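>>> Okay, predicted coordinates and the sequence, questions at the end:
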Amino acid sequence: MMRTKLLSLVPRATVACRHMSSATKLTTVEVNDKTGIATLTMNRPPVNGLNLELLRDLQQSIEEIEGNKSCGLILTSSNPTIFSAGLDILEMYKPDKERIRAFWTQLQDVWLALYGSSVPTAAAINGHSPAGGCLLAASCEYRVMLPKFTIGLNETQLGIVAPQWFMSTYLSILPRREAERSLNQGRMFTTEEALRVGLVDEIASSKEEALAKCADFIATFAKVNPLARSLTKQQFRSADLQQLENERVQDLEKFLFFINQPAVQKGLGIYLESLKKKSKN
Ligand SMILES: CC/C=C\CCC/C=C/C(=O)SCCNC(=O)CCNC(=O)[C@H](O)C(C)(C)COP(=O)(O)OP(=O)(O)OC[C@H]1O[C@@H](n2cnc3c(N)ncnc32)[C@H](O)[C@@H]1OP(=O)(O)O
């Protein structure tokens, strides 16, 4: 029988501030002793909205996986229909001054850690994956998605602009023409469309199958020298990573300036309302 280790269930103290959703961790890491592959599961009901705490836990879990000599990382969700709803809009709507800085900086950190991870990475996309959810999946090296869900960078639909590093992540997967058009449109792809354009690599009929396909992808590196593999990956990704490293502060200031524009705040408010109305019907 497969033995697994549950590594990330350490309780965390509750901090008295907005959006703090849980006294326990919002991610779990399970390492398969046989394959050495770590499965990182997001678990922030109802929709895995990426708030400051989930981003912190993601960062900690990625670091843990890097540190425990796992052979690979599979990112997935405990929610049966949602991989991640992207950034928690409540972090950006009428934001707290200090918290929103920490939030965006943490998002930068998570992207740098995941996109730049030294271990092979794959996403088992077992539900909808808009915007920031798509960013996380696209930062991995391989994607397996379940049918009847949607994925894409839909920022323009919300009246917001995906920053340069979101674009770079798309461009690492999609042909330039497709990346530009779909980002401009804020297009959400169905699973089948995503497969057709290459945004996902395979379709699986269940989460278990998706995880198995991700594990198969990671196993393709079993006989490749790990240092050679990770340095090669780094060479492919270093320009994108370096660009954000060099421009972190400007990127943060640009985000803050943009998000605080009255028109952007108004748009986010309307979008939030529409989401709430939809969930009441
Ligand atoms: C210069 C740079 C500037 C800015 C860059 C910013 C980049 C931004 C990136 C982002 O990620 S923005 C977030 C974009 N995300 C979305 O557009 C997704 C919106 N959500 C949905 O489409 C759906 O909720 C769903 C994920 C498909 C799930 O649908 P489902 O029917 O299962 O759930 P429901 O819609 O009823 O939602 C339940 C509950 O959750 C709330 N919710 C949903 N998504 C978010 C979110 N992203 N942030 C905050 N809250 C969210 C929704 O309102 C419901 O709440 P309620 O139960 O209280 O009504």
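Sure thing, it's come through. Keep in mind the model is a prediction, meaning the values are calculated, not measured.
>>> Going by C-alpha atoms from here, please, whenever you check contacts or count neighbours.
Will do.
>>> What segments of this protein are strands?
Using DSSP state E, the strands found in the chain span residues 4-6, 27-32, 37-42, 72-77, 121-125, 129-130, 142-145, 150-152, 189-190, 202-203.
>>> so for the lengthiest helix in the chain, what's the average pLDDT?
When the chain is parsed with DSSP state H, its longest helix is helix 226-259. For helix 226-259, the mean per-residue pLDDT is 98.
>>> and if you look at stretch 135-154?
98.
>>> Same check on stretch 108-125?
Stretch 108-125 comes out at a mean pLDDT of 98.
>>> Now render the strands of the chain as JSON lines, adding mean neighbour count.
Formatted as JSON lines, the strands of the chain follow (neighbours: other CA atoms under 10 Å):
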{"stretch": "strand 4-6", "mean neighbour count": "13"}
{"stretch": "strand 27-32", "mean neighbour count": "22"}
{"stretch": "strand 37-42", "mean neighbour count": "26"}
{"stretch": "strand 72-77", "mean neighbour count": "26"}
{"stretch": "strand 121-125", "mean neighbour count": "30"}
{"stretch": "strand 129-130", "mean neighbour count": "28"}
{"stretch": "strand 142-145", "mean neighbour count": "28"}
{"stretch": "strand 150-152", "mean neighbour count": "26"}
{"stretch": "strand 189-190", "mean neighbour count": "20"}
{"stretch": "strand 202-203", "mean neighbour count": "20"}
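>>> Distance to Phe236 added to those strands, as a markdown table?
Output for those, formatted as a markdown table (distance: least, CA to CA, whole Å):
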| stretch | distance to Phe236 |
| --- | --- |
| strand 4-6 | 32 |
| strand 27-32 | 27 |
| strand 37-42 | 23 |
| strand 72-77 | 18 |
| strand 121-125 | 14 |
| strand 129-130 | 25 |
| strand 142-145 | 15 |
| strand 150-152 | 23 |
| strand 189-190 | 26 |
| strand 202-203 | 22 |
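>>> Of those strands, give the one that comes closest to the ligand.
The ligand sits nearest to strand 129-130 of all those, at 5.4 Å, using CA to the nearest ligand atom.
>>> what distance separates the closest one from the middle of the whole chain?
A distance of 9 Å separates the centroid of the chain from that of strand 129-130, by CA atoms, centre = their mean, to the nearest Å.
>>> List of residues touching that strand?
Residues from elsewhere that reach strand 129-130 (CA atoms under 8 Å, 6 or more residues apart in numbering): 82-86, 137, 149-154, 188.
>>> try 10 Å
47-48, 81-87, 135-137, 145, 149-155, 186-189 (CA atoms under 10 Å, 6 or more residues apart in numbering).
>>> What of stretch 203-219?
35-39, 71-78, 80, 119-127, 141-147, 191-192, 194-195, 201-202, 222.
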